[in-house]
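**Q** Below are the sequence and a predicted model; questions follow.
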Amino acid sequence: MTHVSRPSIPDGTRYLAAVAAALATLAVTAFGDEQTTFDGTEYLPLELGREMRYQVTVTPPLGKPRKATATNKVAEQTGLNGKTYYKVTTTIGGLPFIPDQLMYYRSSPQGVYQVLEGDEKSPEWLYLPAKIELGDRWGAKRPSGDYEFTAVALEDVETPSGKYPGCLKLSVTMKTRFATNKQEQWLAPGVGVVKQTDSNVFFSLVTLLDEVKEKPK
C-alpha cells in the first residue's frame with residue numbers, strides 16, 4: 001500500500017495520528033430480539049495472547065481508497081496505579097509511519113475500565129458498563145479528548161471472518177485536538193468489535209474482522 005499523498009490530505013501528520021487513534025479503539029468486542037439489557041464485560045474478552053486481525057479501508061476526502069490491516073493483541077498484564085490491567089496493542093500495516101498503539105483494560109463488577117496511552121497518570125474511566133440498555137449514554141473527558149457512547153441497536157453483521165447475529169451497535173463521538181471523529185462499532189459477545197466505521201475531516205474508514213487467533217492451550 002502506498003502512502004496517501006499530501007495534496008489529498010490537509011495535514012499528513014494529523015491524518016496519520018487520526019487514523020491511528022481510530023484503529024486503536026478496536027481493542028475493544030447472538031442475542032435474541034427480546035433482550036434489552038447487556039453485560040458490557042461480555043463484549044471485551046481479555047485473554048493473554050489473543051489476537052484479532054482486521055481488514056481496513058481508508059478513504060481520504062480527495063483520494064482513492066487505500067487498503068490496510070490492523071492487529072490487536074492482548075499482550076500482557078501489568079500494574080498501573082495500584083490495579084492490574086491487560087495491555088492491548090494495536091499494530092497497523094499498510095500505512096507507513098504509524099507506531100504501535102497501546103491501551104490498558106481491566107474487568108470489574110462495574111464493567112470494563114480503560115486507560116489510554118499517554119493518560120497513565122490520569123484516573124481510569126468506565127469504557128463498557130456492566131449493565132447496558134439500548135438508548136443508554138456514557139462517556140468521559142480525558143486529557144487526550146472527550147468520548148461519548150450511545151447504545152443504539154442490535155444488528156446482524158457479516159465480515160470476512162463470518163456472520164455475527166445480534167451485535168450490539170454503539171455510536172461513538174471522539175473529540176480530540178486533531179478532529180471530531182464520528183464512529184460506529186458493532187460488538188459480538190465473546191468476540192469483541194467485528195465491524196467499525198469512522199468519519200472525520202481527514203478520512204472515512206471501514207474496519208472488518210478478518211480473523212481471531214486464540215492463544216494455544
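**A** Sure thing, it's come through.

**Q** Doesn't Phe178 belong to a strand?
**A** No - read with DSSP: H, G, I helix; E, B strand; the rest coil, Phe178 is coil and lies in no strand.

**Q** burial of it, as a residue count?
**A** 21 (other CB atoms under 10 Å). All C-beta atoms are positioned from the backbone trio N, CA, C, and that covers glycine.

**Q** Thr159 now?
**A** A count of nearby residues for Thr159, using other CB under 10 Å, gives 18.

**Q** again with Tyr147
**A** Around Tyr147 there are 22 other residues, counting by other CB under 10 Å.

**Q** again with Gly82
**A** The number of residues packed near Gly82 is 5, by other CB under 10 Å.

**Q** Next, find the distance separating it from Gly190.
**A** 29 Å (CB to CB, to the nearest Å).

**Q** Could I get the full set of helices for this protein?
**A** In the chain, the helices defined using DSSP state H lie at 12-24.

**Q** what about the strands in it?
**A** 37-38, 51-59, 66-80, 83-93, 101-108, 111-116, 125-129, 132-133, 137-142, 145-159, 162-175, 180-188, 192-199, 204-213 (DSSP state E).

**Q** In the sheet, which strands lie alongside the fourth one, parallel or antiparallel?
**A** Which is strand 83-93. strand 66-80 (antiparallel), strand 101-108 (antiparallel) (DSSP bridges).

**Q** That one - what's its average pLDDT?
**A** Strand 83-93 shows an average pLDDT of 96 in the prediction.

**Q** Show me what counts as buried in it.
**A** Within strand 83-93, the residues scored as buried using 16 or more other CB atoms under 10 Å are Tyr85, Tyr86, Lys87, Val88, Thr89, Thr90, Thr91, Ile92.

**Q** Generate a markdown table for those, with distance to Leu154 as supplementary columns.
**A** As requested, the buried residues of strand 83-93 are exported to a markdown table (distance: CB to CB, whole Å):
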| residue | distance to Leu154 |
| --- | --- |
| Tyr85 | 29 |
| Tyr86 | 27 |
| Lys87 | 31 |
| Val88 | 25 |
| Thr89 | 30 |
| Thr90 | 26 |
| Thr91 | 31 |
| Ile92 | 30 |
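
**Q** pretty sure Val157 contacts Lys163?
**A** Yes - contact criterion CB atoms under 8 Å: Val157 and Lys163 qualify, at 7.5 Å.

**Q** and these two? which has more neighbours close in?
**A** Set Val157 next to Lys163 and count neighbours by other CB under 10 Å: Val157 wins out with 18 against 11.

**Q** can you pull the pLDDT of the more buried one?
**A** Predicted confidence (pLDDT) for Val157: 97.

**Q** and it, what does it touch?
**A** Applying CB atoms under 8 Å, 6 or more residues apart in numbering to Val157 gives the contacts Lys163, Tyr164, Cys167, Trp186, Ala188, Val194, Lys195.

**Q** again, but for Thr36
**A** Counting by CB under 8 Å, 6+ apart, Thr36 has contacts Glu133, Leu134.
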